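K.L.:
Next comes the sequence, and after it the predicted model I'd like to discuss.
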Amino acid sequence: MPIAAEPQQAEKSPPKVSAAERRWKVDDFDIGKPLGRGKFGHVYLAREKRSNQIVALKVLFKSQLKQSQVEHQVRREVEIQSHLRHPNILRLYGYFYDEARVYLLLEYAEKGELYKELQKCTYFSERRTATYISSLARALIYLHGKHVIHRDIKPENILIGLQGELKIADFGWSVRAFNRRQTMCGTLDYLPPEMVESAEHDANVDIWSLGILCYEFLYGVPPFEAKEHSDTYIRIVNVDLKFPSIPIVSPGAKDLISQMLVKDSSQRLPLHRLLQHPWIVQNANPSGVYSV
Ligand code: AMP
């Protein structure tokens, strides 16, 4: 399955092999330990033999992509992610394929998955949360500037780099935002009212999801969680937002969340204003790095 007209070569560094030199094939890599397992394949640590560059090699089985009818989604993911360059967005260096598989060459995120870190800590401190949220806001400002909406911001789709910086990954649900879209996608807990109601939506969906993320970082659970999907749905459309008394969270953080989780998407706090919010200014490390 060709996922674009021409097999794309890895750009710039790493790995440092120009398109003119060769096309990638699996023999160009030493395959190391498995990093994880996704729905459609496996991810391995790999080293490009010539340049010695370390990458994460994601191996997807074409048969499974076809069966689940997600070839289009993968193609879109590759097309969008390969053009993005931001310290808080996971790089996609390139891809290649053979008869049975598609291989994605991804930046290696040394410190693994954010949701595991959150599970380990139960919830994060205000400094850590503010640092993470401001770095994600900067990444989203960059994305929206390129007319890309992520639409699936949640802990499972965020990795952590060597310095402790966050990397948005998984662009499977992202779209180029030239038109307002009406597709239902993503996990219910993170979806804004306009998406659970299958109404038109725009880049402001990502502000809502960032608000959900901020809440989950501080409290350890997403705000509209419920036993039944139907109850989560009702809580989202009514913006049934409650702040538990434990853990103790400062009024500034609650104010920020309340300004992001607003039903009318046009009234959500714009991301550039989020960066100026007093709670962010007082708590976030401007470098976006949080070392544990
Ligand atoms: P995915 O198929 O993208 O869900 O990836 C499956 C798992 O592999 C993830 O949950 C991560 O644990 C791991 N993984 C994927 N991509 C990377 C990466 N670029 N760097 C480090 N680990 C990764």
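P.N.:
Perfect, thanks for sending it.

K.L.:
C-alpha from now on. contacts and neighbour counts both.
P.N.:
Noted.

K.L.:
if you average pLDDT over the longest helix anywhere in the chain, what comes out?
P.N.:
Ranked by residue count under DSSP state H, the longest helix found in the chain is helix 126-145. In this model, helix 126-145 carries a mean pLDDT of 97.

K.L.:
Indicate each strand paired with the very next helix or strand once past that helix and its parallel or antiparallel sense.
P.N.:
Next helix or strand after helix 126-145 toward the C-terminus (DSSP states H and E): strand 148-149. Paired strands of strand 148-149, with direction, are strand 175-176 (antiparallel) (DSSP bridges).

K.L.:
Which SSE is immediately downstream of the partner strand?
P.N.:
Downstream of strand 175-176 (by DSSP H and E), the next one is helix 193-196.

K.L.:
hey, C-alpha coordinates of that following helix in PDB?
P.N.:
Only the C-alpha atoms of helix 193-196 are listed here, as PDB (Å, rounded to 0.1, in the frame of the first residue of the first chain):
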ATOM      1  CA  PRO A 193     -19.700  19.500  23.600                       C
ATOM      2  CA  GLU A 194     -19.700  20.400  19.900                       C
ATOM      3  CA  MET A 195     -18.100  17.100  19.000                       C
ATOM      4  CA  VAL A 196     -20.100  14.800  21.300                       C
END
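
K.L.:
Which elements pack onto that helix?
P.N.:
Contact partners of helix 193-196 among helices and strands, from 3 or more C-alpha pairs under 8 Å, 6 or more residues apart in numbering; DSSP states H and E: helix 229-237.

K.L.:
Please state the offset of the helix it packs on from the chain centre?
P.N.:
How far helix 229-237 lies from its chain's middle: 23 Å, per C-alpha atoms, centre = their mean, to the nearest Å.

K.L.:
repeat for stretch 114-130
P.N.:
16 Å.

K.L.:
which parts of it are buried?
P.N.:
Within stretch 114-130, the residues scored as buried using 16 or more other C-alpha atoms under 10 Å are 114, 115, 117, 118, 123, 124, 126, 127, 128, 129, 130.

K.L.:
For the most centrally placed residue in the chain, list each beta-bridge partner.
P.N.:
Centroid check for the chain by C-alpha atoms, centre = their mean gives residue 168 as the closest residue, at 3.4 Å. Beta bridges link residue 168 to residue 89, residue 158 when assigned by DSSP bridges.

K.L.:
Could you check how far it is from residue 260?
P.N.:
Distance, residue 168 to residue 260, by C-alpha to C-alpha, to the nearest Å: 19 Å.

K.L.:
again, but for residue 40
P.N.:
Going from residue 40 to residue 260 by C-alpha to C-alpha gives 33 Å.

K.L.:
what about the two, which has more around it?
P.N.:
For residue 40 versus residue 260, neighbours defined as other C-alpha atoms under 10 Å are more numerous around residue 260 (26 against 15).

K.L.:
tell me how far stretch 194-201 is from the chain's mean position?
P.N.:
Using C-alpha atoms, centre = their mean, the offset of stretch 194-201 from its chain centre is 20 Å.

K.L.:
what do you get for stretch 33-52?
P.N.:
19 Å.

K.L.:
could you list every residue that touches residue 132?
P.N.:
165, 166, 284, 288, 289, 290 (C-alpha atoms under 8 Å, 6 or more residues apart in numbering).

K.L.:
Flag the least confident of those.
P.N.:
residue 288 (80).

K.L.:
That one: how many residues sit nearby?
P.N.:
Neighbours of residue 288 using other C-alpha under 10 Å come to 22.
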